[in-house]
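J.: one predicted model, sequence on top.
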Amino acid sequence: MFGLPDWTDPYLFAAIILALTWVVAWIAGFVIRGLMSQSPPQVAAGARRSGKVVVWLVGVLLAVQEVGVSIEILLLVVSLFAIAAIVALRIPLENFGAKYFSDVYSPFKVGDSIQVGSYTGKVIEINAMTTVLLSEDDRLIALPNSSLLKETLVNVSPQAWKELTIPISLPGNVDIAPIESEILKSLGKLRMRLDKRFPPILATKARTAQSTDLVLTVMIRRPEERDALLLEVNKRVHDAIQGTRTREALAPTPPPSETPAKH
Amino acid sequence: MEKINVCINSQTPLLQFLPPPGGGPGPPWGETANLAEFEEGVDYRISPGGVTRMVYPLVRRLLAQGVLDETHWVSLNPVGPRVVRTDGLTLHNVALGPQRMGGYGKTKEAIWSTIHGLTPTESTEDLFWSEEFSEYAFYNRTTSERIRKLDDQLDFDLFYIHDFQQMPVGQMLQTLKPKLFRWHIPFDASRIPEDWRALFVNYLDSYDVVVVSCDRYRAGLRALGFRGKSVRLYPYVDPKEYRRPGKRVAAATCARWGVRPGDTVILVVARMDPAKAHDRAIRALAQLVPKYPRLRLVLVGNGSFSGARGGPGLSKSQRWKSHLESEARRLGVSERVIFAGHVPQHALDCFYERALFTILPSVNEGFGLVVVESWLHRRPTLVTERAGIAELIRDGENGILFDPDDVRSLAAKMHELLDDDGELAGRLTRDAVITARACSIGTAARAEAKLMHEVLEA
């Protein structure tokens, strides 16, 4: 009745593959996070997600093959769907992808005045497909996000060179307060390199049950240090987030006297 | 008109829960409690100070008038239940651990001292880059997150944030709903260090309206670079809460603090804090005692929430009191100065009644509601020209103004009142009662309700 499982059962074997996939995906996420500690937090989070998706894709294909479905046919169907989707959605996908990169690498934000090609205006909206400008003569200009990567972009806001904006993605249920506190503490050590009149500001950009998107803004003192400071600030933000999460994971349960109880 | 669903936020909690009589940590406070379960004076007390003294009567008044719906009030309060409910009002307490409380307390004290001109500007230039500031940010973020979660459940119409400690909450809250901010302390742009200005403007810009206590502070906001909407609303008291006791009752009550029959009482009502500059009154007293040997200077008030158990743990009130005691000894007037500490409202009414006149000697004062209290008790008052309320005073008509750095002039003005045959005091109090109406809760409730509706309809 309680004999050993049948190790030749393909379904059991597929289940084991899926369990192993979960472990490998977790390890891959951990390794990628370590390797990308100096990258912008949003890029690191994206790379981690992509790495996990690849591991899961391979794991699922292997598991499916184990239960007798031909992997070649499966791959062919998936590939055809992927090609069809890319052809049909080429322009939206291009803009969507460009938004992701321009968020991180293009030096502007909502509220800045920018010039792209022959268009100039104040940025009033950045959505998944377009960046919307309000021109001086009160007209709306929707620039495809892909154009922001292809064309030369000039940020004409006063002292735009001073501003470093670091997008940060965190899980939806995270407590921002200790993370913000750690980031401020850590950036305080760079104060000689930053404009002291503008301490770092952390603003909430978007919030859902799944994720919290924040933007950290710091102002630098010398333009020639911009690149080095970007790397250093990214590293410090990354370390502050990891440090806070590790401390919270290791924090002891509050002693009974601090535990709220019914009066 | 629909009732307004408002969320109020202040650092100082409306209620301070008290330790048990024998000391110790207090009972295990519940998650949620009803105020009716507790007894005032035994389990809790109403926090002293201008913020709670103004905001609570205003909320009660606006609830009674049907302007406000069930109101929620979020504040710092590590001692007591997490949520306390009472009629129409729910109090939400934010807790901080001792270490974070320490850092928060140091930062807000540094801001307060600098704005009051008590700290050299150079010593606080790096404040917003310090480790302590990260704790200040932690407290404000924790508060704004608590408000955000409440808003998710209750869908507030507007947020009313009170006092300088909470200034970052507006920027952190990130909501499109209207946000009002009331600045309670003095606002003089020249006292704000150069390195603080951009951050202050950034914080203040996040509010739809900034409310200040006098026109001078509105000019200060503009001088700082704030271009948003600002409104001047005078602080207020509820005149009905001030009763004039009979002379016999007043004399008997004041005797418990050492005031003897035949003493001439000069009253200062202010918490024990260097900004309140009680030392000026003591030095002026020392100049007058040789001519008036029955003079008594009564100092009513002790620490604020910041020095209370559960507060940020700042012990400046005790240090300041010790300084004043040694100053009185040095000048040979120890016998003439009475440190009454915090007194119940009835005793305070008795001190006003027993006093010949009152003094507000502060080196810097956000407004100075004690002057209004003095007016309501028909007592003439000498007022520092550095108080917000000074703009309501016509010197010699409804009060007497003085420079707190000129003790000789203060003594001369006290001398005028001590020598007065009643003519000057009569004139000062007759006009003062009329001026006090500008600072009554009735006037304020109408103005606050109008402002809230304007912001909602803008």
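T.: Yep, it's here. Numbers count the residues shown, from 1 in each chain, chains lettered A, B, ... in the order given.
J.: what about B:H72, distance to B:V269?
T.: Using Cβ to Cβ, to the nearest Å, B:H72 is found at 31 Å from B:V269. From N, CA and C alone the C-beta is placed, and that goes for glycine too.
J.: quick one: which helix or strand includes B:L285?
T.: B:L285 is located in helix B:278-288, with elements delineated by DSSP states H and E.
J.: tell me what the following helix or strand past that helix is packed against?
T.: Once helix B:278-288 ends, the next helix or strand along the chain (criterion: DSSP H and E) is strand B:295-300. Using 3 or more Cβ pairs under 8 Å, 6 or more residues apart in numbering or on different chains; DSSP states H and E, the elements in contact with strand B:295-300 are strand B:264-269, helix B:278-288, strand B:337-341, helix B:345-354.
J.: and the first one, which strands flank it?
T.: To tie it back to what came earlier, the one meant is strand B:264-269. The pairing partners recorded for strand B:264-269 under DSSP bridges are strand B:295-300 (parallel), strand B:355-360 (parallel).
J.: try the third one
T.: Sheet neighbours of strand B:337-341, with direction, are listed as strand B:295-300 (parallel) (DSSP bridges).
J.: what sits up against the strand it pairs with?
T.: B:254, B:257, B:259, B:263-270, B:272, B:278, B:281-282, B:285, B:288-289, B:324, B:333, B:336-343, B:348, B:351, B:355, B:418 (Cβ atoms under 8 Å, 6 or more residues apart in numbering or on different chains).
J.: what does stretch B:444-452 give?
T.: Looking at stretch B:444-452 with Cβ under 8 Å, 6+ apart, the contacting residues turn out to be B:4, B:6, B:54, B:58, B:61-62, B:65, B:67, B:158, B:160, B:180, B:209, B:211, B:231, B:233-236.
J.: list the buried residues of that stretch.
T.: B:444-445, B:447-449, B:451-452 (16 or more other Cβ atoms under 10 Å in any protein chain shown).
J.: same deal with stretch B:382-401?
T.: In stretch B:382-401, counting by 16+ other Cβ under 10 Å, buried: B:382-384, B:386-390, B:392-393, B:398-401.
J.: check stretch B:407-423 too.
T.: So, applying 16+ other Cβ under 10 Å, buried residues of stretch B:407-423: B:407, B:410-411, B:413-414, B:417-418, B:420.
J.: same thing with stretch A:196-214?
T.: For stretch A:196-214, the neighbour count (16+ other Cβ under 10 Å) marks A:196, A:198-202, A:204-205, A:207, A:212-214 as buried.
J.: report how many residues lie close to B:L63.
T.: 17 (other Cβ atoms under 10 Å in any protein chain shown).
J.: can you verify it is assigned to a strand?
T.: No. B:L63: not assigned to a strand; according to DSSP: H, G, I helix; E, B strand; the rest coil it is helix.
J.: that one and B:T86 touch, don't they?
T.: No. If you go by Cβ atoms under 8 Å, B:L63 and B:T86 don't touch, sitting 10.7 Å apart.
J.: list the contacts of B:V371.
T.: B:358, B:360, B:381, B:383, B:387, B:389, B:393, B:399.
J.: look at it and give its secondary structure.
T.: helix.
J.: touching chain B at all, stretch A:217-234?
T.: No. Legend: contact between stretch A:217-234 and chain B by Cβ under 8 Å from any Cβ of the partner chain is lacking; minimum distance shown is 8.7 Å.
J.: end-to-end on stretch B:265-282?
T.: Stretch B:265-282 has an end-to-end distance of 13 Å (criterion: Cα to Cα, to the nearest Å).
J.: likewise stretch B:229-236?
T.: Across stretch B:229-236, first to last residue, Cα to Cα, it's 22 Å.
J.: A:E66 touches A:F13, doesn't it?
T.: Yes. Counting by Cβ under 8 Å, A:E66 touches A:F13, with 5.1 Å between them.
J.: filter the contacts of B:V371 down to the ones in strands?
T.: B:358, B:360, B:381, B:383 (DSSP state E).
J.: for the chain, which segments are assigned as helices?
T.: Unless you meant another one, I'm taking chain A. For chain A, helices defined by DSSP state H occupy the ranges A:10-35, A:41-66, A:71-88, A:90-105, A:145-150, A:176-188, A:226-250.
J.: look at chain B instead
T.: Going by DSSP H, chain B shows helices at B:50-64, B:98-115, B:131-154, B:169-173, B:194-205, B:215-224, B:247-255, B:278-288, B:316-330, B:345-354, B:369-376, B:407-419, B:423-436, B:441-457.
J.: and the fifth one, C-alpha only, in CSV?
T.: Right, helix B:194-205. Taking C-alpha atoms only, helix B:194-205 is exported to CSV below (Å, rounded to 0.1, in the frame of the first residue of the first chain):
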residue,chain,number,x,y,z
GLU,B,194,20.2,78.4,1.7
ASP,B,195,20.7,74.6,1.5
TRP,B,196,17.2,73.9,2.8
ARG,B,197,15.3,76.2,0.5
ALA,B,198,14.8,74.0,-2.6
LEU,B,199,13.7,71.0,-0.5
PHE,B,200,11.2,73.2,1.5
VAL,B,201,9.8,74.6,-1.8
ASN,B,202,9.6,71.1,-3.2
TYR,B,203,7.6,69.9,-0.1
LEU,B,204,5.3,72.9,0.0
ASP,B,205,4.6,72.8,-3.7
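J.: show me what that helix is packed up against.
T.: Helix B:194-205 packs on helix B:169-173, helix B:215-224, going by 3+ Cβ pairs under 8 Å, 6+ apart.
J.: most tightly packed of those helices?
T.: helix B:169-173 (a mean of 24; mean count of other Cβ atoms under 10 Å in any protein chain shown).
J.: now the buried residues of stretch B:382-401 in JSON lines, with distance to B:C439 and pLDDT?
T.: Listed next are the buried residues of stretch B:382-401 as JSON lines, based on distance: Cβ to Cβ, whole Å; pLDDT from 0 to 100:
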{"residue": "B:L382", "distance to B:C439": "18", "pLDDT": "98"}
{"residue": "B:V383", "distance to B:C439": "13", "pLDDT": "97"}
{"residue": "B:T384", "distance to B:C439": "17", "pLDDT": "97"}
{"residue": "B:R386", "distance to B:C439": "18", "pLDDT": "94"}
{"residue": "B:A387", "distance to B:C439": "12", "pLDDT": "96"}
{"residue": "B:G388", "distance to B:C439": "11", "pLDDT": "95"}
{"residue": "B:I389", "distance to B:C439": "8", "pLDDT": "96"}
{"residue": "B:A390", "distance to B:C439": "13", "pLDDT": "96"}
{"residue": "B:L392", "distance to B:C439": "8", "pLDDT": "95"}
{"residue": "B:I393", "distance to B:C439": "12", "pLDDT": "95"}
{"residue": "B:N398", "distance to B:C439": "12", "pLDDT": "93"}
{"residue": "B:G399", "distance to B:C439": "13", "pLDDT": "95"}
{"residue": "B:I400", "distance to B:C439": "18", "pLDDT": "97"}
{"residue": "B:L401", "distance to B:C439": "17", "pLDDT": "97"}
